[in-house]
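# Could you look at this predicted model? Sequence included:
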Amino acid sequence: MDERAAAESSVEAVFREERGRLLASLVRRFGDLDLAEEVTSEAVEAALVHWPVDGVPARPGAWLMTTARRRAVDRLRRDQAYAARLAVLQVESDRADSPPPADALADLPDDRLQLFFTCTHPALADEDRAALTLRCLAGLTTPEVARAFLVPTATMAQRIVRAKKKIRQARIPFRVPGADELPDRLPGVLGVIYSIFTEGYAASSGPDLQRLDLAEEAIRLARILRRLLPAEREVAGLLALMLLIHARRDARTGPGGELVLLDDQDRGHWDRAAIEEGGALVVVALTGGPPGVYGVQAAIAALHDEAADVASTDWPQVVALYDVLLALAPSPVVALNRAVAVAMRDGPEAGLILLDTLAGEPRLRGYHPYAVARADLLERLGRFPEAAAAYRTALETVGTDAEREHLRRRLDEVERSG
């Protein structure tokens, strides 16, 4: 590898690790997200010029910070509209002229936490919050974020611009909520991270069942949040849930990318280290107070991961946990999952009765897992014409090619059986 290639590799590694920290610190100091992004990019470009010649610095993150600060102050100096602010920032410029001390980045985790809450502020639309989080905290480019949401780059660029404009116009503060605000604001942050993971674990559309890059970014973001908020048990619960689910990733698809159901997965391919880490976090999430939504879901995932096979899963305990989850966060989707667990505990007829009571739920219209669950139970009961009809309903709304091919195979089987 030549010197430039080595430098580019070093810049990429540093940028991926430090970008959120660097951006958050610059936003706090200069109060402008666009400016912070621009000078961060300029600092990376400068590194690609200087590092192949001068060598990679001992503290590359601090080097990028110093360079970005200088670029920011230069921009503000040229812009008369920022003249008043420049006087305040001159002290920072003077400090930037000399190498920062070894602990120069020590305060950045708090800055990054501020950026978490800014990107996920409830004043922003749901899709804008997820897009801004991926752009600013995960470090994805706008085209990469667009691919994550399967929309044109221009559309995603508009979303990100809209979110930034909303932050400016609504004067959304770059700060961590106070202790009295945190219980109301933290679920929004966790929800954005989990929505990113969900799209990665079970893509809503496209050729592939899984988007591992998105799932892994969500886990990385949750790890950051866990380090920043170690006392928050629901943060531990979310990280546990994602680790326990993601542990099955290699067994969820076959050699051709086809869907492999839980019953048929080779559990020897599950990530045991992730399962152990997730299991330990479940204990943290469920200890010291009332259970939270993510902690309970993680406990359910742990029961699946700890079982030798589907038949030996502790289904009574799974149902009991779904009862707790329904009390904490009642929803038709939770009720659907509980019905499937009841079917495993008490038989398909019991589960089907529960599913039929949910038939009128608006949120389940067009939700293909509901139709798939009904089709499976009807097939197990030998009611093949009804099962075929349910599979056809599911095929109308299924998103990914892998799931579509799986349902077509199931439909062919029940049609032959009927």
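Arrived safely. None of these values were measured; they are calculated from a predicted model.

# I'd guessed F30 sits against A36; true?
Yes. Taking contacts as CB atoms under 8 Å, F30 lies within contact range of A36: 6.2 Å. For every residue, glycine as well, the C-beta is placed using N, CA and C.

# Give the residues shared as contacts by those two.
With contacts defined as CB atoms under 8 Å, 6 or more residues apart in numbering, the residues adjacent to both F30 and A36 are A72.

# so where's the stretch 101-250 of the chain shaky on pLDDT?
Scanning the stretch 101-250 of the chain for pLDDT under 70 picks out 101-110, 150, 204-205.

# The same query, at a cut-off of 80, please.
When residues are selected by pLDDT under 80, those of the stretch 101-250 of the chain lie in 101-113, 137-141, 144, 147-150, 174-176, 179, 202-211.

# And for the stretch 251-400 of the chain?
399.

# list the contacts for Q210?
Residues near Q210 by CB under 8 Å, 6+ apart: G200, Y201, A202, A203, R249, R252, T253.

# what's the answer for G288, then?
R233.

# ok, it to G237 distance?
For G288, the distance to G237 equals 12 Å [CB to CB, to the nearest Å].

# Just the contacts of Q210: which are in strands?
Among the contacts of Q210, DSSP state E puts none in strands.

# Dump these into TSV; add distance to D346 and neighbour count as well.
Listed next are the contacts of Q210 as TSV, based on distance: CB to CB, whole Å; neighbours: other CB atoms under 10 Å:
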residue	distance to D346	neighbour count
G200	33	22
Y201	28	21
A202	27	17
A203	32	22
R249	31	19
R252	27	21
T253	31	16
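
# Out of those residues, the closest to Y391 would be?
Checking the contacts of Q210 against Y391 with CB to CB, the nearest one is A202 at 18.4 Å.

# pretty sure the closest one contacts D208?
No. With contact defined as CB under 8 Å, A202 does not reach D208; the gap is 10.4 Å.

# ok, the residue nearest to Q297 when sequence neighbours are not counted - contacts?
Spatial nearest neighbour of Q297, chain neighbours left out: L241 (5.1 Å); criterion: CB to CB, 6 or more residues apart in numbering. L241 makes contacts with Y194, G278, Y294, Q297, A298, A301, as judged by CB under 8 Å, 6+ apart.

# Could you rerun that using 10 Å?
L241 sits next to 190, 194, 197, 222, 278, 281-282, 285, 293-302 when contact means CB atoms under 10 Å, 6 or more residues apart in numbering.

# A285 versus that one, what's the distance?
9 Å.

# what is in contact with the two at once?
The contact sets of L241 and A285 overlap at G278, Y294, G295, V296, Q297, A298, A299 (CB under 10 Å, 6+ apart).

# which of those residues count as buried?
G278, Y294, G295, V296, Q297, A298, A299 (16 or more other CB atoms under 10 Å).

# Report the two of the residues you listed separated the most.
Longest span within those, CB to CB: G278 and V296, 13.8 Å.

# re the thing from before, can you flag which of the shared contacts of L241 and A285 belong to helices?
Under the assignment DSSP state H, these contribute G278, Y294, G295, V296, Q297, A298, A299 to helices.

# Which residue, other than its chain neighbours, is closest to the second one?
Which is Y294. Using CB to CB, 6+ apart, the closest residue to Y294 is G237 (3.5 Å).

# Repeat that for the fourth one.
In space, and not counting its chain neighbours, V296 is closest to L325: 4.8 Å by CB to CB, 6+ apart.

# on that earlier part again, what about the residue nearest to Y294, how many residues close to it?
G237 has 26 neighbours, counted by other CB atoms under 10 Å.

# what distance separates the helix or strand containing it from the centre of its chain?
Counting by DSSP states H and E, the element that carries G237 is helix 233-246. Chain-centre distance of helix 233-246: 11 Å, with CA atoms, centre = their mean, to the nearest Å.

# How about residues contacting stretch 167-184?
Stretch 167-184 has contacts (CB under 10 Å, 6+ apart) with 24, 27-29, 31-34, 36, 110-111, 113-119, 121-124, 128, 132, 163, 166, 185-186, 189, 228-229, 232, 234.

# Filter these down to the buried ones.
Among the contacts of stretch 167-184, those classed as buried by 16+ other CB under 10 Å are 24, 27-29, 32-33, 36, 111, 113-119, 121, 124, 128, 132, 163, 166, 185-186, 189, 228-229, 232, 234.

# Mind putting the shared contacts of L241 and A285 into CSV with distance to D213?
CSV is the format used below for the shared contacts of L241 and A285 (distance: CB to CB, whole Å):
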residue, distance to D213
G278, 20
Y294, 22
G295, 26
V296, 28
Q297, 23
A298, 22
A299, 27
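
# wait, which of these is closest to A388?
Q297 (32.3 Å).

# Please tell me I have it right and that closest one contacts T198.
No. Counting by CB atoms under 10 Å, Q297 stays clear of T198, with 11.6 Å between them.

# So for the two, which residues contact both of them?
Shared contacts of Q297 and T198 (CB under 10 Å, 6+ apart): M242, I245.

# and for A202 and D208, which residues touch both?
Common neighbours of A202 and D208 (CB under 10 Å, 6+ apart) are T400.

# Helices of the stretch 151-300 of the chain, start to end?
Secondary structure of the stretch 151-300 of the chain by DSSP state H, counting those that start in this stretch: the helices cover 153-169, 182-201, 212-228, 233-246, 272-285, 293-306.

# looking at those helices, which is buried most?
Of the helices of the stretch 151-300 of the chain, the one with the most neighbours on average (mean count of other CB atoms under 10 Å) is helix 233-246, at a mean of 26.

# and the angle for it with helix 212-228?
With axes from the mean of the first three to the mean of the last three CA atoms, to 10 degrees as the basis, helix 233-246 and helix 212-228 are set at 150 degrees to each other.

# now the angle from helix 233-246 to helix 272-285?
Between helix 233-246 and helix 272-285, the angle comes out at 160 degrees (the same axes, to 10 degrees).

# could you dump helix 233-246 to PDB, C-alpha only?
Extracted as PDB, the C-alpha positions of helix 233-246 are listed here (Å, rounded to 0.1, in the frame of the first residue of the first chain):
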ATOM      1  CA  ARG A 233     -31.500   1.000  32.000                       C
ATOM      2  CA  GLU A 234     -33.600   1.400  28.800                       C
ATOM      3  CA  VAL A 235     -30.400   2.300  26.900                       C
ATOM      4  CA  ALA A 236     -29.000  -1.000  28.100                       C
ATOM      5  CA  GLY A 237     -32.200  -2.700  27.100                       C
ATOM      6  CA  LEU A 238     -32.100  -1.400  23.600                       C
ATOM      7  CA  LEU A 239     -28.500  -2.400  23.100                       C
ATOM      8  CA  ALA A 240     -29.300  -5.800  24.500                       C
ATOM      9  CA  LEU A 241     -32.300  -6.200  22.200                       C
ATOM     10  CA  MET A 242     -30.400  -5.300  19.100                       C
ATOM     11  CA  LEU A 243     -27.400  -7.500  20.000                       C
ATOM     12  CA  LEU A 244     -29.600 -10.500  20.700                       C
ATOM     13  CA  ILE A 245     -31.500 -10.200  17.400                       C
ATOM     14  CA  HIS A 246     -28.400  -9.300  15.300                       C
END
